[in-house]
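S.K.: Sequence first, then the predicted structure:
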Amino acid sequence: MSKLTSSARIFVAGHRGLVGSAIVRRLEADGYTNLLTAGRAELDLRDQAAVDRWFEAQRPEFVFLVAGTVGGIMANSTRPAEFIYDNMMIHATVVHAAHRTGVERLLYLGSSCIYPRQCPQPIREEYLLTGPLEPTNEAYAIAKIAGIKLCQAYRRQYGCDFISAMPTNLYGPHDNFDLTSSHVLPALIRKFHDASQLAAQTGEPAQVTVWGTGSPCREFLHVEDLADACLFLMRHYHGDEHINVGTGEDLSIRELAELIRSIVAPEARILFDRDKPDGMPRKLLDVSRLHELGWRHSIDLERGIRETYQWFVDPRTPEEVRAASSFSV
């Protein structure tokens, strides 16, 4: 059995995305020297034959499967076919190739949207498939559920040491700030920033419109904490069941908007568009299993938002920020 040594061949699938780039940074900081990556132009992870050839040539020993097509409520609602096709194909090709070439361990990253809309709170791992999904992200959730079941099936039939982790809502450096495809936290950062800039130019009061009523509650995890958790699980977790990754703390969208306003544009007025969907009423993960294993998050939300906003406005990277793709392969 290979160990996750500093020279182990480690493939980070989706290394240019929010999560993948954070995992690469963390692995490099910890002294791992044999990282394997492949951009979309080099390797289309939806193409089984291409993925098989790449795995045969590169022979990774460990795989972080964090690639996928991602986005917020608008993107999920308007592009459901892309979300289900891309994500199902990506995890199917990589998991199968990993089995065929004898990958030692694989970590598959899902999403907390896999759980039923009316789930008891906080959400425990065993609540999966106990009720209807949230309609606004059903396609994405179904694809992610299939990924969990795929890893379990390969474990049971072939003995593959493939595990799954389900993170809560993520944010941080290299996030997607495009208003048509981003998640709520980066979208709000972008909205408050743009409103503040416009007000400075026109002299008009700054105002920001937030989708929905502001009442739904959400949990947020900094991507650097997630990268730390993924490495921790790769080293220490060998269970068949997927495991939640989060903070165990949540706040309302109204409170989130007010927090971001205090950091980005304290003078801005907040309006709520009640004609827009709220999504799930609440989505807070039970992370007691992860805590029992010995891992807890370390970056509090206010600090994380401040750091993320600083990265967003950094004059060395504005084009990179604004061009962030929702297809993180």
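M.R.: On my side now, so go ahead.

S.K.: Going by C-alpha atoms from here, please, whenever you check contacts or count neighbours.
M.R.: Fine.

S.K.: any idea how far Arg261 lies from Cys113?
M.R.: 26 Å (C-alpha to C-alpha, to the nearest Å).

S.K.: Break down the stretch 101-250 of the chain into its helices, ranges please.
M.R.: 138-158, 184-202, 223-236 (DSSP state H, counting those that start in this stretch).

S.K.: got a markdown table for these, with mean neighbour count, distance to Ala50 and mean pLDDT too?
M.R.: Output for the helices of the stretch 101-250 of the chain, formatted as a markdown table (neighbours: other C-alpha atoms under 10 Å; distance: least, C-alpha to C-alpha, whole Å; pLDDT from 0 to 100):
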| stretch | mean neighbour count | distance to Ala50 | mean pLDDT |
| --- | --- | --- | --- |
| helix 138-158 | 19 | 20 | 97 |
| helix 184-202 | 19 | 33 | 96 |
| helix 223-236 | 19 | 26 | 98 |
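
S.K.: out of those helices, nearest to Asp273?
M.R.: helix 184-202 (13.7 Å; C-alpha to C-alpha).

S.K.: follow-up on the earlier one: would you list the helices of the stretch 101-250 of the chain in TSV and tack on distance to Asn76?
M.R.: Output for the helices of the stretch 101-250 of the chain, formatted as TSV (distance: least, C-alpha to C-alpha, whole Å):
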stretch	distance to Asn76
helix 138-158	7
helix 184-202	13
helix 223-236	21
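
S.K.: quick one: which of those is nearest Phe62?
M.R.: Nearest to Phe62, of the helices of the stretch 101-250 of the chain and by C-alpha to C-alpha, is helix 223-236 at 8.6 Å.

S.K.: so what does the closest one touch, helix or strand wise?
M.R.: Packing partners of helix 223-236 (3 or more C-alpha pairs under 8 Å, 6 or more residues apart in numbering; DSSP states H and E): helix 18-29, strand 105-109.

S.K.: Find the one among those with the highest mean neighbour count.
M.R.: strand 105-109 (a mean of 24; mean count of other C-alpha atoms under 10 Å).
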